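**Q** Sequence plus predicted model, see below.
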Amino acid sequence: MILKNNSTVGIVGLGLMGASIAAALLLNGQKVVAVSPIVSDVDSSAPDRIKHSLEVCLKEGLTTKTPDEFLQNIRYTSDYSHLKNCWLVMECVSENLAIKQEVFKKIEACVSDEVIMTSNTSAMPISLLQNHCKVPERFFGMHWDEPAYTSPFLEIVCGEKSPIKIGEQLHAIATTWGKEPTLVRKDIRGFITNRIMYAMYREAFNLVEGGYATVADVDRACKNDGGRWMAFCGLFRYMDLTGLQAYHAVMKDLFPELSTQKTVPKLIDDIAKAGGNGVTNGHGFYKYTPEEAKKWKENFEHFAFDLNRLSTDYAKKMSDITSKNNPG
Ligand SMILES: NC(=O)c1ccc[n+]([C@@H]2O[C@H](COP(=O)([O-])OP(=O)(O)OC[C@H]3O[C@@H](n4cnc5c(N)ncnc54)[C@H](O)[C@@H]3O)[C@@H](O)[C@H]2O)c1
């Protein structure tokens, strides 16, 4: 199988992530064919969101080009046949296996066998998804982070039938999109970060439901501990930086006491079943007035740009050492 990058990428599903990824690709010189069967996505919501993201990127200095210059390179459509000339098609629809499978069939009916297909699934095993495809060997996970246009995060995931060589080429291409991608060479549910983050979420619920701390205290502790160093370095580097002997000693006694709960915690179950969706509808672990929700969303967006600047500065400062000793 040969990867033929012609700089036109298809995106199917234009919700939060599809729109965000489209903006990221446009900013990095790709042409985008944006597909959704939902007319309101194609007519207004996705174009509005993508334009807004590009405006913010201009305002924050991430680009000097105007949104209109980028928007010449995107085509919105409900017709899957417009994916025909793409070298890569990314699925970004809801996290639902049946919906994803239906979408893969529609994509496969329109593109040739060498076109690469990826899924933005957060946690479904790539081997499971690819086994429902006509050509499993061209199928990979491409797991983006929100906002995709500022975050350097991108996981490229090989399923059991995905050739690692193609995965490596996708990894190299994603680097040219301004990402610092990781290549997951062997499929595992949740990939790297979701496995780590969900282990943390589970323990957070354990602490709150066990009465050890409130939601706000857990949040404050995470923000002021992990939140202060994780944008600088990863877990293993942090243990090196702060003395790994201490971690070795603590693990022996603490690991057996960490939560291993296998069911969804009651705290989130109750909120989710009552329709709560966080800032989107003002009902989450905290309550939000519409003004508060707007402020959290806006500041989250600004913070991502500020963090990007800081982290780019430090990555430059460290680049000599990381390239000499081992990859950072
Ligand atoms: N939200 C995040 O931060 C995030 C991060 C990484 C990965 N993801 C993953 O990305 C994917 C999309 O998530 P999202 O947050 O953009 O969700 P979303 O709900 O904002 O968007 C999903 C989109 O899928 C569309 N859709 C539903 N049924 C469809 C169908 N049959 N055909 C075509 N389109 C259909 C919906 O119209 C909607 O626009 C999911 O797999 C999710 O797990 C999300």
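**A** Ah, there it is. As the structure is a prediction and not an experimental result, all values here were calculated from the model. Numbering: from 1, shown residues only.
**Q** Return the distance of the residue in the chain positioned nearest to the ligand relative to Ser94.
**A** In the chain, the residue that lies nearest the ligand is Gly15 (1.8 Å; C-beta to the nearest ligand atom). In short, each C-beta sits where N, CA and C put it, glycine included. Distance of Gly15 to Ser94, given as C-beta to C-beta, to the nearest Å: 7 Å.
**Q** higher neighbour count, those two?
**A** Neighbours per residue, other C-beta atoms under 10 Å: of Gly15 and Ser94, the larger number sits with Gly15, 16 against 10.
**Q** residues in contact with that one?
**A** Residues near Gly15 by C-beta atoms under 8 Å, 6 or more residues apart in numbering: 41, 92-94.
**Q** which of those come close to the ligand?
**A** Among the contacts of Gly15, the residues within reach of the ligand (C-beta under 6 Å from any ligand atom) are 41, 92-94.
**Q** Where is pLDDT lowest across those residues?
**A** Lowest model confidence among the ones next to the ligand among the contacts of Gly15 falls on Asp41, which carries 90.
**Q** That one contacts Leu14, correct?
**A** Yes - using C-beta atoms under 8 Å, Asp41 is in contact with Leu14, at 4.3 Å.
**Q** Leu54 against Ala24, yeah?
**A** No - counting by C-beta under 8 Å, Leu54 sits too far from Ala24 to count as a contact (10.3 Å).
**Q** Of the ones next to the ligand among the contacts of Gly15, just the buried ones, ChimeraX syntax please.
**A** Burial among the ones next to the ligand among the contacts of Gly15 is assessed by 16 or more other C-beta atoms under 10 Å; the matching ChimeraX selection reads:
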select :41,92,93
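**Q** Flag every residue of the stretch 51-200 of the chain that's near the ligand.
**A** When proximity is defined as C-beta under 6 Å from any ligand atom, the stretch 51-200 of the chain approaches the ligand at 92-95, 99, 102-103, 120-122, 143-144, 146.
**Q** Keep only those of those that are in strands.
**A** 143-144 (DSSP state E).
**Q** Out of the residues of the stretch 51-200 of the chain next to the ligand, which end up buried?
**A** Buried residues within these, defined by neighbour count using 16+ other C-beta under 10 Å: 92-93, 103, 120-121, 143-144.
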